[in-house]
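K.L.:
any chance you can model this:
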Amino acid sequence: MARLLDFGLANIELWRSEEMQLVQLMVPAESAHDAIGALGDVGLLQFKDLNADKSAFQRTYANQVKRCDEMARKIRFFHDQVEKAAFAIGHRALPDKGYDLDELEGKLDELETEMLEVNGNSERLARTYNELVELQLVLEKAGSFFDQARVEAQAESFERMYSVPEAMDAPLLESALPSDASKAGRLGFVAGLIPQEKLNGFERLLFRATRGNMFLRHTPVGSVKDPATGEQQEKHVFVVFYAGERARTKVLKICEAFNANRYPFPEGPARQRQMHGEVTARLRELHTTIEAGERHREAVLQNIAFNLDQWATQVRREKAIYHTLNKLSMDTSRRVLVAEAWCPLAAKPRVHEALRQAAQASATQVSAVLQPLVTGDPPPTFFKTDLFTNCFQAIVDAYGVGRYREVNPAVFTIVTFPFLFAVMFGDFGHGLIMLMFASYLLMNEKKFLKQQLNEIFGMAFAGRYCIMLMAVFSIFTGLIYNEFFSMPMTLFGGSRMRCFKNGALQPAVHDLRVCPEIGGEVAFPPGINPYPFGVDPAWHGTKSELPYLNSVKMKMSILLGVSHMNLGIMMSLFNNLYFRDRLSTLCEFIPQMIFLNSLFGYLCIAIVYKWLSAKTTDLYHVMIYMFLSPGNVDQQGFLFPGQAGLQVFLLLIAFAAVPWMLFPKPLILKKRHEASERAVSCLRHLIIDHNMQTNCSPCHLLLDQAGTLAKGGSEAAVAVDDAASWLWLQHWTACVGIC
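P.N.:
The predicted structure follows:
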């Protein structure tokens, strides 16, 4: 049977997963790091965790992993700083001899300390600079308040001095005028800046707190950097005049509540001018200092950006190495690390070569030892892919990874996935656009492989070969649908159909959509063949275009879908034959094929027969009354003679296939499981009896393995029933012979 179904698929490398072997690796402790790093570069070993009973903090290399985590944190800090400075991160390959872990850790510590110091100095200088800018604005704007008040006071005094009194009894001397100066206290004031959105609330609260015993002057100064946050804010310069110490305390508390920045403001004009000059000079000095600090910071960040990707790669590599080393067990002398790993048989020469080079690089006197192990554990599934097949294998793995050595659906997915896409989205114009995009990706493949792509473009680049096939198939199906951006094409000439009225050709009618309106009908002239390829453009724009095309596409989808399901069931047959699983073949494959093809396969045959015979049978009617009225076929559902008897037969075998699929296999597996448990129990008692008589160490090992097998559940029990029980009996017989 296997030879009959051998279509040469076994010669395809991707048809089944790689043959795997469990190997034991004994590595000297002094060269373990280099050996694991070399094996990681090969990338074809899957290590087993031999310390699963230990927590992450109890493992041998837990401290090294913590150090790698700390270095990764520092690299993330550097990455954020470089992104804020808008520097491009250099992407370089990891050199053959990079930094040692201690050297890299020291380098990162030094750079982090320097960056923190530079950032702290920059923040302090920027804060001081922004405060001086606000103080300068206060001196300018608040000074204008006082200058204006002085001018107004002088004008009022001059007017009062030289004006003629209106009343005849008014005193001539100013000292004789009534004055309340002795009763009024000295006015105080507070100056500063406040955000524009807080000004109204600030003014209302001042008025209520002081009961109106205050005077507020303010003016806008535009957008200013806030010293605390460093953000641009629209602010106002304000001056609050008050009387009394209690009012002063209230004003200061309100300023703090509204985050208003208060600044000292001298009363004398000379002192104001002197302070303004000092602030201006200080601002020039700070500006020069900040520019020098920014140049130094940019130089440090440029150096970091140039090496950041390389450092990140090395830290990830070191962390992966120590994570793997934590899976290894250490012997009692703490000189040798023991590892167990799954390795593809075809990759063993590369593994040996990597271990040899690692031993030479570490200058150790003892090289690593690699030896195979016999185990009953199921091997992992590994498919060797290339640039072309990788994206299709990823599509299949997204739905689930098959068992070891099962048939790989990716072989068929290479064709079926892009073709089914084209069936759904077939358009000649859209296919050309996709083809140009895929060609661009393929022509720049080497350049893009060396770059760090973003998530969206990286996803498109990873599927470049799939996009190429989808474009080619879309062009093909677009020709079949005769659509170019949803418009009909005339690549093979115009429509072959003509308008006939009462059997006479109507050459004056060029638009076939007008033909039914004049009482004619559209048909092929005698001796004229149909449109050579695809849908005739005469269907475009007609009332029957949508029903016709929907019917054709639906029937084509049924044919493709049923063929696809038959292919999936056939792949299960290939697996059953490879694993010699006759039970699944008899109780799954055969009833599944019968059930699928007796119903949907019959529908596909009916579709093809209707196309070939040009009948107008309603297939909906056929399938519905196949169940509602078996054995009866009316005129509307008639296709061929003997149709009624065939439909009854297909229904009967379809109904019979349902219990055939559901019940026999579970019952048989249950019987096998019970028989295997009895076999393991009997074998265990035999070994125990022999061990009590001889007390031999091989029997102890057999007892442990038999107990593990007995706890393995139904899968282990089925394995024993198939072959393993005889193997255990052979081991036990040999053990008895040795003892």
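K.L.:
and the strands in the stretch 351-500 of the chain?
P.N.:
For the stretch 351-500 of the chain, applying DSSP state E, counting those that start in this stretch gives strands covering 369-372, 483-484, 487-488, 498-501.
K.L.:
would you mind saying which of these lies nearest K107?
P.N.:
Closest to K107 of the strands of the stretch 351-500 of the chain, according to Cβ to Cβ: strand 369-372, at 35.5 Å. Where C-beta positions appear, they are placed from N, C-alpha and C, glycine not excepted.
K.L.:
the closest one packs against which elements?
P.N.:
Strand 369-372 sits against strand 20-28, helix 348-362, with contacts defined as 3 or more Cβ pairs under 8 Å, 6 or more residues apart in numbering; DSSP states H and E.
K.L.:
need these in JSON lines (columns: mean pLDDT and distance to H287).
P.N.:
Putting the helices and strands packed on strand 369-372 into JSON lines (pLDDT from 0 to 100; distance: least, Cβ to Cβ, whole Å) gives the following:
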{"stretch": "strand 20-28", "mean pLDDT": "91", "distance to H287": "61"}
{"stretch": "helix 348-362", "mean pLDDT": "88", "distance to H287": "54"}
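K.L.:
quick check: which ranges of the stretch 201-350 of the chain have low pLDDT?
P.N.:
The model of the stretch 201-350 of the chain has pLDDT under 70 over residues 332.
K.L.:
mind listing the helices for it?
P.N.:
245-257, 269-325, 348-362 (DSSP state H, counting those that start in this stretch).
K.L.:
got the angle for the second one vs strand 20-28?
P.N.:
Put plainly, it is helix 269-325. In terms of direction (axes from the mean of the first three to the mean of the last three Cα atoms, to 10 degrees), helix 269-325 departs from strand 20-28 by 110 degrees.
K.L.:
now the first one
P.N.:
Following the same axes, to 10 degrees, one obtains 120 degrees for the angle between helix 245-257 and strand 20-28.
K.L.:
next one: the last one
P.N.:
Calculated by the same axes, to 10 degrees, helix 348-362 forms an angle of 10 degrees with strand 20-28.
K.L.:
can you list contacts of helix 348-362?
P.N.:
21, 23, 30-31, 33-35, 37-39, 41-42, 44-45, 343, 367-368, 370 (Cβ atoms under 8 Å, 6 or more residues apart in numbering).
K.L.:
those residues in strands, which ones?
P.N.:
Those of the contacts of helix 348-362 mapping onto strands are 21, 23, 343, 370, per DSSP state E.
K.L.:
among these, which one has the most neighbours?
P.N.:
In terms of neighbour count, C343 stands highest of those at 25 neighbours, by other Cβ atoms under 10 Å.
K.L.:
touching, it and V23? I think so.
P.N.:
Yes. The pair C343 / V23 is scored as a contact, 5.1 Å apart, by Cβ atoms under 8 Å.
K.L.:
circling back: next, format the helices of the stretch 201-350 of the chain as TSV and append mean neighbour count.
P.N.:
TSV is the format used below for these (neighbours: other Cβ atoms under 10 Å):
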stretch	mean neighbour count
helix 245-257	15
helix 269-325	16
helix 348-362	16
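K.L.:
what's the closest of those helices to F663?
P.N.:
The nearest among the helices of the stretch 201-350 of the chain, by Cβ to Cβ, is helix 348-362 at 45.6 Å.
K.L.:
show me the strands in the stretch 501-650 of the chain, by range?
P.N.:
Going by DSSP E, counting those that start in this stretch, the stretch 501-650 of the chain shows strands at 504-505, 521-523.
K.L.:
so how far is F627 from the nearest residue to P630 once chain neighbours are set aside?
P.N.:
Leaving aside its chain neighbours, P630 sits nearest to V648 (5.1 Å; criterion: Cβ to Cβ, 6 or more residues apart in numbering). Separation of V648 from F627 (Cβ to Cβ, to the nearest Å) stands at 11 Å.
K.L.:
shaky segments in the protein?
P.N.:
For the chain (pLDDT under 70), the answer is 1-11, 90-98, 147-186, 332, 508, 510-511, 686-739.
K.L.:
buried residues in stretch 506-516?
P.N.:
By 16 or more other Cβ atoms under 10 Å, the buried positions in stretch 506-516 come out as 509, 512, 515.
K.L.:
next one: stretch 640-654
P.N.:
Within stretch 640-654, judged by 16+ other Cβ under 10 Å, the buried ones are 643-644, 646-647, 650-651, 654.
K.L.:
helices - which of those land there?
P.N.:
Using DSSP state H, the subset of the buried residues of stretch 640-654 located in helices is 643-644, 646-647, 650-651, 654.
K.L.:
using TSV, lay out those together with distance to L252.
P.N.:
Supplementary listing: those in TSV, determined by distance: Cβ to Cβ, whole Å:
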residue	distance to L252
Q643	101
A644	103
L646	101
Q647	98
L650	96
L651	95
A654	92
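K.L.:
which among those gets closest to M115?
P.N.:
Nearest to M115, judged by Cβ to Cβ, of these is A654 at 73.6 Å.
K.L.:
contacting residues for the closest one?
P.N.:
Contacts for A654 (Cβ under 8 Å, 6+ apart) come out as 594-595, 598-599.
K.L.:
now swap in L193 and tell me
P.N.:
Shown in contact with L193 (Cβ under 8 Å, 6+ apart): 134, 137-138, 221, 224, 235-238, 260-261, 263.
K.L.:
swap in S17?
P.N.:
S17 touches 381-383, 402, 404-406, 408, counting by Cβ under 8 Å, 6+ apart.
K.L.:
now the buried members of these.
P.N.:
Using 16+ other Cβ under 10 Å as the threshold, 381-383, 402, 404-406, 408 are the buried ones among the contacts of S17.
K.L.:
number of residues surrounding L577?
P.N.:
Neighbour count of L577, defined by other Cβ under 10 Å: 19.
K.L.:
that one contacts F589, doesn't it?
P.N.:
No. Using Cβ under 8 Å, L577 is not in contact with F589, being 9.7 Å away.
K.L.:
got any residues that touch both of these two?
P.N.:
Common neighbours of L577 and F589 (Cβ under 8 Å, 6+ apart) do not exist.
K.L.:
how near is K615 to F638?
P.N.:
Going from K615 to F638 by Cβ to Cβ gives 8 Å.
K.L.:
residues in contact with V239?
P.N.:
Residues in contact with V239 (Cβ under 8 Å, 6+ apart) are 142, 145, 189-191, 216-218, 265.
K.L.:
partner residues bridging it?
P.N.:
V239 forms beta bridges with A191, R217, as assigned by DSSP bridges.
K.L.:
ok, back up a step: so which of the strands of the stretch 351-500 of the chain is nearest T413?
P.N.:
Between the strands of the stretch 351-500 of the chain, strand 483-484 lies closest to T413; by Cβ to Cβ that is 26.0 Å.
K.L.:
turn the ones in strands among the contacts of helix 348-362 into TSV, columns for distance to K543.
P.N.:
Below are these laid out as TSV (distance: Cβ to Cβ, whole Å):
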residue	distance to K543
Q21	67
V23	71
C343	67
L370	75
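K.L.:
hey, which helix is longest across the protein?
P.N.:
helix 101-162.
K.L.:
hmm, V407 is touching I569, no?
P.N.:
No. Using Cβ under 8 Å, V407 is not in contact with I569, being 11.7 Å away.
K.L.:
tell me which of these two has more neighbours.
P.N.:
Using other Cβ under 10 Å as the criterion, V407 and I569 rank with V407 on top: 21 against 16.
K.L.:
wait, what's in contact with that one?
P.N.:
15-16, 571, 574-575, 578.
K.L.:
so for L205, which of the strands of the stretch 501-650 of the chain sits nearest?
P.N.:
Per Cβ to Cβ, nearest to L205 of those: strand 521-523, 86.3 Å.
K.L.:
start and end of stretch 38-53, how far apart?
P.N.:
Terminal residues of stretch 38-53 lie 27 Å apart, using Cα to Cα, to the nearest Å.
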